[in-house]
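Undergrad: predicted model follows, preceded by the sequence.
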There are 2 protein chains.
Amino acid sequence: MAINARRLTSLPRRRRVIALALAATCVATWSLSLWAQPNDTVPYPVGYRTWTHVRTALIGPQSPAFESFGGLHHIYANKIAMEGYRTGRFPDGSVLVFELLETRENAGVTTEGPRRRVGVMVKESKRYAETGGWGFESFQGDSQTERRLTAESRIACFKCHEPQKDRDFVFSEFRR
Amino acid sequence: MAINARRLTSLPRRRRVIALALAATCVATWSLSLWAQPNDTVPYPVGYRTWTHVRTALIGPQSPAFESFGGLHHIYANKIAMEGYRTGRFPDGSVLVFELLETRENAGVTTEGPRRRVGVMVKESKRYAETGGWGFESFQGDSQTERRLTAESRIACFKCHEPQKDRDFVFSEFRR
């Protein structure tokens, strides 16, 4: 009877110990993930679909860029970046999004298909000093975590944007 | 000499009279224009280019809609209308814009050309009770004053939207 009584009272205590251990593990994992993430990581542009739509283009099969950039793309800019389009200099905190979509065609009408990727440029002059003050990233499909770029491909992004130096390395212009 | 002196002093007074007369004419013309405008006139959607971009499509020459709607079009929504996309009911004050652009093609890349027109739907349940609560207008090219619709064509807009009654007469859906 004495043993049974101990078992009965010790059950909730055990559960508490397990819960605490689980919580500690979660916190430790989360801390490690933060520690593992370098501070030059470009964040996913949460909510960009309600930012300002800058312009749109369709890259078709006859374009040499089709394999890499084929589909319908939209450029979106956050509020800070809109100042850049006005002045020609993008302040720190500017974020530009290159959203690439597949297309669907039916009876002569081309509509938006699934998201191929979300390209991002973030302006932080000091953090990304080696690539014109811009950090580059590209997210696969609808994912907010699956990153496509390596250190080498980031350099390739910058090399392609480099001739636009006079326009702060930005290709697009805001269509009024 | 006396006449000359009078002429010299009277010149600024004359200018003042002319200026006052001009100002009075301007105010009168402006008041008349307000009076002449019926209160069901759909206003130009000033600033819509920074509203939320809902979706995009391209209507090509193979579409039977090409003659009327050919080109690249974007749908934009003001903040109130965004609630309509979420709930299925568009509150009064909702404004939707159908912006139609010509396209330019070069080496397989289709880009945005000049604006063909700006179509507008404004929700005011009582004012536009006869057309599902929506007022319709269409502005020519970049003009904010050149209106394209007649009383008949407004009815035609509504007749085309009428089958969408279950979605508050709106065709588009917000692409997330």
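TA: Nice, thanks for sending it over. Residues are numbered from 1 along each chain as shown, chains lettered A, B, ... in the order given.
Undergrad: from what I see, residue A:55 and residue A:170 are in contact.
TA: No - here residue A:55 lies out of contact with residue A:170, judged by C-beta atoms under 8 Å, at a distance of 11.7 Å. Yep, even glycine has a C-beta here, placed from its N, CA and C like the rest.
Undergrad: and these two? which has more neighbours close in?
TA: Shown here are residue A:55 and residue A:170; by other C-beta atoms under 10 Å in any protein chain shown, residue A:170 has more neighbours (22 against 16).
Undergrad: now the helices for chain A?
TA: Using DSSP state H, the helices of chain A run over residues A:2-36, A:66-69, A:79-87, A:151-161.
Undergrad: send me the second one as PDB with only the CA atoms.
TA: This points to helix A:66-69. Extracted in PDB, the C-alpha atoms of helix A:66-69 (Å, rounded to 0.1, in the frame of the first residue of the first chain):
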ATOM      1  CA  PHE A  66      14.200  31.500 -70.000                       C
ATOM      2  CA  GLU A  67      15.900  28.500 -68.300                       C
ATOM      3  CA  SER A  68      16.800  30.600 -65.200                       C
ATOM      4  CA  PHE A  69      14.200  33.300 -65.100                       C
END
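Undergrad: what's the closest non-adjacent residue to the most centrally placed residue in chain A?
TA: The centre of chain A sits closest to residue A:44, judged by C-alpha atoms, centre = their mean, with a distance of 3.0 Å. Nearest non-adjacent residue to residue A:44, counting by C-beta to C-beta, 6 or more residues apart in numbering or on different chains: residue A:144, 4.2 Å away.
Undergrad: likewise for residue A:58?
TA: Take residue A:58 and drop its neighbours on the chain: the residue closest to it by C-beta to C-beta, 6+ apart is residue B:110, 4.1 Å away.
Undergrad: burial check on residue A:96, number of neighbours?
TA: The burial count for residue A:96: 25, using other C-beta under 10 Å.
Undergrad: apart from its neighbours in sequence, what residue is nearest it?
TA: In space, and not counting its chain neighbours, residue A:96 is closest to residue A:121: 4.5 Å by C-beta to C-beta, 6+ apart.
Undergrad: touching, the one you found and residue A:133? I think so.
TA: No - with contact defined as C-beta under 8 Å, residue A:121 does not reach residue A:133; the gap is 9.9 Å.
Undergrad: looking at these two, which one has more neighbours?
TA: Legend: neighbour count by other C-beta under 10 Å for residue A:121 and residue A:133, higher for residue A:121 (28 against 20).
Undergrad: got a list of what the closest residue to residue A:105 other than its chain neighbours touches?
TA: Nearest in space to residue A:105, with sequence neighbours left out and distances taken as C-beta to C-beta, 6+ apart, is residue A:111 at 7.7 Å. If you count contacts by C-beta atoms under 8 Å, 6 or more residues apart in numbering or on different chains, residue A:111 has them with A:103-105, B:57.
Undergrad: show the buried residues in those residues.
TA: Buried members of those, counted by 16 or more other C-beta atoms under 10 Å in any protein chain shown: A:103, B:57.
Undergrad: which of the contacts of residue A:111 sits closest to residue A:127?
TA: residue A:103 (35.4 Å; C-beta to C-beta).
Undergrad: contacts only, for the closest one.
TA: A:58, A:71-72, A:110-113.
Undergrad: and chain A, which residues reach chain B?
TA: Counting by C-beta under 8 Å from any C-beta of the partner chain, chain A comes close to chain B at A:49-50, A:52-53, A:55-66, A:72, A:74, A:76, A:82, A:107-112, A:175-176.
Undergrad: filter the residues you listed down to the ones in strands?
TA: A:52-53, A:55-59, A:72, A:74, A:76, A:109-112 (DSSP state E).
Undergrad: in a markdown table: these, plus pLDDT.
TA: What follows is those, written out as a markdown table (pLDDT from 0 to 100):
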| residue | pLDDT |
| --- | --- |
| A:52 | 98 |
| A:53 | 98 |
| A:55 | 98 |
| A:56 | 98 |
| A:57 | 98 |
| A:58 | 98 |
| A:59 | 98 |
| A:72 | 98 |
| A:74 | 98 |
| A:76 | 98 |
| A:109 | 98 |
| A:110 | 98 |
| A:111 | 98 |
| A:112 | 98 |
